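Peer 1: Any chance you can model this:
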Amino acid sequence: MKKIQIKLLGISLLLCVMVFSSCTDDLSQAPASSVAVPGEQFFSTPESYKQNLAKLYAGFATSGQTAAGSPDISGIDEGESQYIRGIWLMQELTTDEAVIAWNDGTIKDLHSQTWTSLDRFITATFARFSFQIVNCNEFLRQTTDAKLASRGLDAALIAEIKTYRAEARFIRAFTYWHLIDMFGGGSLVTEDSPTSFYYPEYASRAELYKFVDAELTAIIPELKAPKSNEAYRVDQAAAWMLQAKLYMNAKVYIGTDNYAGALPLITKVIGSGYTLHNNYNQLFFADNDRNGAQNEFIFAIAFDGLRTQTYGGTTFLTHAPVGGTMKASEFGINGGWAGIRTTSAFVNKFSENTTDARGQFYTDGQTKEIADIGTFTDGYAIQKFRNVTVNGVQGSDKSGDFSDSDFPMFRLADAYLMYAECAVVGKVGDLGTARGYVNALRTRANASTISALTADAAGANLILDERAKELHWEGHRRTDLIRFGKFTGGSYVWPWKGNVAGGAPTQAFKNLFPIPATALASNNKLKQNPGY
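Peer 2: Here you go, the predicted model:
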């Protein structure tokens with residue numbers, strides 16, 4: 001395997017900037033050159049602090065300076081190293097919700113759960129997490145009270161930078177959460193870690209969990225109130241949501257149930273002023289930043305066909321699912337990549353609600369069952385992400401290459417289902433309220449409502465299936481299946497799980513991905529996860 005090189009901020013990072021949706025122009029500035037400069041020089045003007053914060057957010061959307069050719073991470077296909085694409089492959093392609101036809105390296109090993117520590121996609125995602133954390137750390141080093149005082153900044157800007165720092169800590173905590181969820185332990189590196197070369201000590205899953213929990217508790221008072229920040233920037237509701245997700249998965253992460261800790265946070269999120277959009281399908285259109293969907297998004301990653309060009313993100317999610325007899329123009333793209341579809345196990349969840357708008361299956365020329373994963377027409381296609389507006393107008397990139405659709409990380413519908421899970425599985429919260437939240441989502445989707453919701457196995461299965469229908473292809477499924485004890489083993493199998501057409505049990509150690517072999521070779525203080 002090629003050595004993967006991460007270009008570190010302050011050493012050889014090429015600064016790139018994403019545009020927030022706001023009345024200011026300071027985030028649209030690109031660097032004049034690509035010459036490596038010390039980190040200190042990235043903070044030489046008052047405007048540079050917001051620009052550098054933008055780079056941190058851009059770490060979720062872009063893969064480098066351009067769509068291809070100047071990557072943040074070298075040694076792998078640039079599109080494959082993009083943050084959203086990486087977590088999507090690991091969270092969705094490993095489950096009943098997605099298969100892929102391509103023969104790119106080891107990519108089919110993800111769905112069959114036969115991956116190893118040499119897997120290039122797992123390696124790229126681990127490297128992307130490292131890159132994002134390093135950038136956050138450097139931002140925090142450059143914005144200490146002492147640094148700001150020495151640069152003669154005015155009091156108003158210093159006060160605003162305090163909020164920037166809280167957002168940077170959220171972005172770092174969010175990335176560490178993905179590391180905890182997917183890899184377990186790893187290196188815990190912060191702004192207080194040495195800047196000269198050293199080998200970071202290994203931190204266990206429990207130690208990383210404790211760090212993220214403490215960080216979120218500390219920054220919540222310093223973040224802006226819900227719905228009071230600029231578009232795409234996080235607020236207190238995003239931090240409550242992330243901490244609630246940490247607590248809801250606590251039994252998996254640290255062996256201790258904490259639904260009780262999650263419930264009040266979820267209640268705060270639901271009461272924060274976010275509202276359900278009235279049309280499910282429009283949540284994933286090119287104009288989901290302004291068609292009403294944005295009022296449901298608690299934290300979304302901005303994609304713009306002209307200004308955040310990447311072959312990952314929603315560009316991947318609009319191109320890769322299109323093939324066969326599907327018309328690319330209906331998706332606002334110039335052609336499909338004939339890759340991802342779904343399994344019959346997922347399709348069957350809609351059998352009793354065939355009018356459910358969330359079952360966006362394309363069946364013409366497609367078979368429901370998958371005889372050959374490498375054949376795109378084996379398996380129903382999913383028509384979820386589209387690079388067209390509610391009026392059918394193509395996104396801003398008229399070439400049809402890159403998508404405008406934003407990617408929702410957290411949305412209110414998820415908070416509704418989290419509350420319902422707390423009531424049903426955690427036995428905290430009100431079952432009547434939980435049923436109301438589930439029915440609100442079903443009503444929006446034109447599906448039949450439920451008359452009862454019970455705190456038992458049947459209720460738990462209903463919630464898990466409801467999460468699949470509402471949140472499929474949004475990066476939640478693997479985590480959900482693990483939390484419900486159905487990702488590995490034989491309690492739930494789906495087509496081609498275990499590399500068997502009808503599905504087969506897999507080993508429990510696959511609930512964690514391996515620490516990449518390249519990372520272990522680079523730092524012998526890291527510890528491989530059991531089974532690998």
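Peer 1: which stretches of the stretch 1-150 of the chain form strands?
Peer 2: Remark: strands assigned in the stretch 1-150 of the chain by DSSP state E, counting those that start in this stretch are 5-6, 73-74, 99-100.
Peer 1: Out of these, which gets the lowest mean score?
Peer 2: Mean pLDDT per stretch puts strand 5-6 lowest among the strands of the stretch 1-150 of the chain, at a mean of 40.
Peer 1: any low-confidence regions in the protein?
Peer 2: Along the chain, segments meeting pLDDT under 70 span 1-39, 65-69.
Peer 1: got the end-to-end distance for stretch 273-282?
Peer 2: Using Cα to Cα, to the nearest Å, one end of stretch 273-282 lies 20 Å from the other.
Peer 1: Show me what counts as buried in it.
Peer 2: Neighbour-count burial for stretch 273-282, counted by 16 or more other Cβ atoms under 10 Å, picks out 274, 276-277, 280-282. Where C-beta positions appear, they are placed from N, C-alpha and C, glycine not excepted.
Peer 1: May I see those organised as TSV, with secondary structure added?
Peer 2: Shown next, in TSV, are these (DSSP: H, G, I helix; E, B strand; the rest coil):
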residue	secondary structure
Tyr274	coil
Leu276	coil
His277	coil
Tyr280	coil
Asn281	helix
Gln282	helix
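Peer 1: out of those residues, who's nearest Gly489?
Peer 2: Of all those, Gly489 sits closest to Tyr280, with 32.0 Å by Cβ to Cβ.
Peer 1: residues in contact with the closest one?
Peer 2: By Cβ atoms under 8 Å, 6 or more residues apart in numbering, the residues touching Tyr280 are 357-358, 444-445.
Peer 1: Including neighbour count and secondary structure, could the residues you listed go into JSON lines?
Peer 2: Output for these, formatted as JSON lines (neighbours: other Cβ atoms under 10 Å; DSSP: H, G, I helix; E, B strand; the rest coil):
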{"residue": "Ala357", "neighbour count": "14", "secondary structure": "coil"}
{"residue": "Arg358", "neighbour count": "22", "secondary structure": "coil"}
{"residue": "Arg444", "neighbour count": "18", "secondary structure": "helix"}
{"residue": "Ala445", "neighbour count": "21", "secondary structure": "coil"}
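Peer 1: How much space separates Asn523 from Arg205?
Peer 2: Plainly put, Asn523 is 17 Å away from Arg205 if you go by Cβ to Cβ, to the nearest Å.
Peer 1: So for these two, which sits in the more crowded spot?
Peer 2: Remark: of Asn523 and Arg205, Arg205 carries more neighbours, 20 against 15, as counted by other Cβ atoms under 10 Å.
Peer 1: what's the closest non-adjacent residue to the more buried one?
Peer 2: Leaving aside its sequence neighbours, Arg205 sits nearest to Gly184 (Cβ to Cβ, 6 or more residues apart in numbering; 4.3 Å).
Peer 1: Tell me, how many residues neighbour the one you found?
Peer 2: 23.
Peer 1: give me every residue that touches it.
Peer 2: By Cβ under 8 Å, 6+ apart, the contact set of Gly184 is 204-205, 512, 529.
Peer 1: cool, Lys147 as well?
Peer 2: By Cβ under 8 Å, 6+ apart, Lys147 lies in contact with 43, 141.
Peer 1: That one and Leu153: what is the separation?
Peer 2: Taking Cβ to Cβ, one finds Lys147 at 9 Å from Leu153.
Peer 1: Asn499 too?
Peer 2: 58 Å.
Peer 1: okay, these two: which has more neighbours?
Peer 2: Between Asn499 and Leu153, counted using other Cβ under 10 Å, Leu153 has the larger neighbour count: 18 against 15.
Peer 1: So the more buried one is in contact with Thr45, correct?
Peer 2: No. Taking contacts as Cβ atoms under 8 Å, Leu153 lies outside contact range of Thr45: 10.1 Å.
Peer 1: pull the longest helix from this protein.
Peer 2: helix 155-183 (DSSP state H).
Peer 1: Tell me the helix or strand right after it.
Peer 2: Downstream of helix 155-183, the next assigned helix or strand under DSSP states H and E is strand 186-187.
Peer 1: Which neighbouring elements make contact with that next one?
Peer 2: Judged by 3 or more Cβ pairs under 8 Å, 6 or more residues apart in numbering; DSSP states H and E, strand 186-187 is in contact with strand 202-203.
Peer 1: Tell me which strands the strand it packs on pairs with, and in which orientation.
Peer 2: Under the criterion DSSP bridges, strand 202-203 sits next to strand 186-187 (antiparallel) in its sheet.
Peer 1: Just the residues contacting the partner strand, thanks.
Peer 2: Residues from elsewhere that reach strand 186-187 (Cβ under 8 Å, 6+ apart): 130, 179, 200-203, 208, 515, 523, 525-526.
Peer 1: ok, those vs Tyr416, which is closest?
Peer 2: Lowest distance from Tyr416 to the contacts of strand 186-187 (Cβ to Cβ) belongs to Leu179, with 27.1 Å.
Peer 1: now that closest one: how far from Phe211?
Peer 2: Taken as Cβ to Cβ, the span from Leu179 to Phe211 is 11 Å.
Peer 1: try Ser117
Peer 2: Taken as Cβ to Cβ, the span from Ser117 to Phe211 is 24 Å.
Peer 1: what separates the residue lying farthest from the centre of the chain from Pro321, distance-wise?
Peer 2: Counting by Cα atoms, centre = their mean, the extreme residue of the chain relative to its mean C-alpha position is Gly152, 37.9 Å from that point. According to Cβ to Cβ, Gly152 and Pro321 sit 52 Å apart.
Peer 1: now swap in Ala357 and tell me
Peer 2: 17 Å.
Peer 1: just Glu138 next, same as before
Peer 2: 37 Å.
Peer 1: name the element the residue farthest from the centre of the chain belongs to?
Peer 2: Applying DSSP H and E, one finds Gly152 in no helix or strand.
Peer 1: tell me the contacts of Asp287?
Peer 2: With Cβ under 8 Å, 6+ apart, Asp287 has these contacts: 389-390, 404.
Peer 1: three-state assignment of it?
Peer 2: Classified using three-state DSSP, Asp287 is coil.
Peer 1: same question, Phe410
Peer 2: Here Phe410 is recorded as strand under three-state DSSP.
Peer 1: what's the spacing between the residue farthest from the centre of the chain and Thr95?
Peer 2: Using Cβ to Cβ, Gly152 is found at 53 Å from Thr95.
Peer 1: so what's Asp397 closest to, chain neighbours aside?
Peer 2: Gly305 (3.0 Å).
Peer 1: Please enumerate the strands of the stretch 201-350 of the chain.
Peer 2: Going by DSSP E, counting those that start in this stretch, the stretch 201-350 of the chain shows strands at 202-203, 297-301, 340-341.
Peer 1: Look up how far Ser112 lies from Glu369.
Peer 2: 16 Å.
Peer 1: higher neighbour count, those two?
Peer 2: Ser112 (18 against 13).
Peer 1: pretty sure the more buried one contacts Ala501?
Peer 2: No. Look at Ser112 against Ala501 with Cβ under 8 Å: they stay out of range, at 10.7 Å.
Peer 1: Distance of Pro276 relative to Leu441?
Peer 2: No, residue 276 isn't Pro; it's Leu. 8 Å.
Peer 1: From one end of stretch 107-116 to the other, what's the distance?
Peer 2: Distance between the two ends of stretch 107-116: 11 Å, counting by Cα to Cα.
Peer 1: how far is that stretch from where the chain is centred?
Peer 2: Computed by Cα atoms, centre = their mean, to the nearest Å, the chain-centroid distance of stretch 107-116 equals 20 Å.
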